[in-house]
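# have a look at this prediction, sequence included:
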Amino acid sequence: MSFRFEFRPYEERDLEAMYALDFACFDRPFRFRIEDIRTFAGERDAVTVLAEEAGQLVGFFIVERTGTAAYLVTLDVSPRLRRQGLGRELLTRAERAFPDVARLVLHVYTGNETAIQFYEANGYLRTGEARTFYGQGRDAWIYTKELKPNKETNSAIGPEER
């Protein structure tokens, strides 16, 4: 699939734009503070990839290694570009971020039907529940996808984009 988007790794200068996009994507109880984005994106065992259109941030993900698995911290797509394949492309790249991991795990708010449908359509299975994950009265489903580790295939940023 050909995209009009450019993908690149996170840089500290991206922080404000990432925060603004996260603000546009999520309601208050589900948004990250700018300090949280900085911490997650800057972790040694994290991969953060941004999608840009005409130099403007339109999507990103943060995924971190947790041993033999990886955890999708967040996947943000500009509301104006949803259902156009960008989320799926970002998710695919997140799945390739650590070519030697066996599974990708994530949390989804139990009331977010759109996200639930998105992840299930992309092969994720509901494997548990995290009570009050997003605060009092806001539970999350735990979703997992088994990956096929492939040390030869990396990465979240294709070779043409490095």
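Great, that's in hand.
# drop to CA atoms for contacts and neighbour counts, all remaining ones
Noted.
# now the strands for this structure?
Using DSSP state E, the strands found in the chain span residues 6-9, 46-53, 56-66, 69-77, 103-109, 125-130, 140-146.
# partner strands of the fourth one, with direction?
Applying DSSP bridges, strand 69-77 is found paired with strand 56-66 (antiparallel), strand 103-109 (parallel).
# out of the ones you listed, which is closest to Gly87?
Among the strands paired with strand 69-77, the nearest to Gly87 by Cα to Cα is strand 56-66 (7.8 Å).
# buried set for that closest one?
Neighbour-count burial for strand 56-66, counted by 16 or more other Cα atoms under 10 Å, picks out 57-65.
# residue ranges with poor pLDDT in the protein?
Low-confidence segments of the chain (pLDDT under 70): 1-3, 150-162.
# now render the strands of the chain as TSV, adding distance to Glu35.
Shown next, in TSV, are the strands of the chain (distance: least, Cα to Cα, whole Å):
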stretch	distance to Glu35
strand 6-9	19
strand 46-53	15
strand 56-66	14
strand 69-77	14
strand 103-109	20
strand 125-130	24
strand 140-146	22
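# which one of those lies nearest to Ala17?
strand 56-66 (6.7 Å).
# contacts made by the closest one with the rest, please.
17-18, 21, 40-41, 43, 45-52, 70-78, 81, 86-87, 90-91, 94, 97-98, 101 (Cα atoms under 8 Å, 6 or more residues apart in numbering).
# which of the strands of the chain sits closest to Phe26?
Of all these, strand 69-77 sits nearest to Phe26, with 8.6 Å by Cα to Cα.
# how far off centre is the closest one?
A distance of 3 Å separates the centroid of the chain from that of strand 69-77, by Cα atoms, centre = their mean, to the nearest Å.
# now it against strand 140-146, angle please.
Using axes from the mean of the first three to the mean of the last three Cα atoms, to 10 degrees, one finds that strand 69-77 and strand 140-146 are set 110 degrees apart in direction.
# which residues touch strand 69-77?
The contact list for strand 69-77, computed with Cα under 8 Å, 6+ apart, reads 21-22, 25, 40, 58-65, 86-87, 90-91, 94, 98, 101-107.
# quick one on the thing from earlier: report the buried members of the contacts of strand 56-66.
Applying 16+ other Cα under 10 Å to the contacts of strand 56-66 flags 18, 21, 40-41, 46-52, 70-78, 86-87, 90-91, 94, 97-98, 101 as buried.
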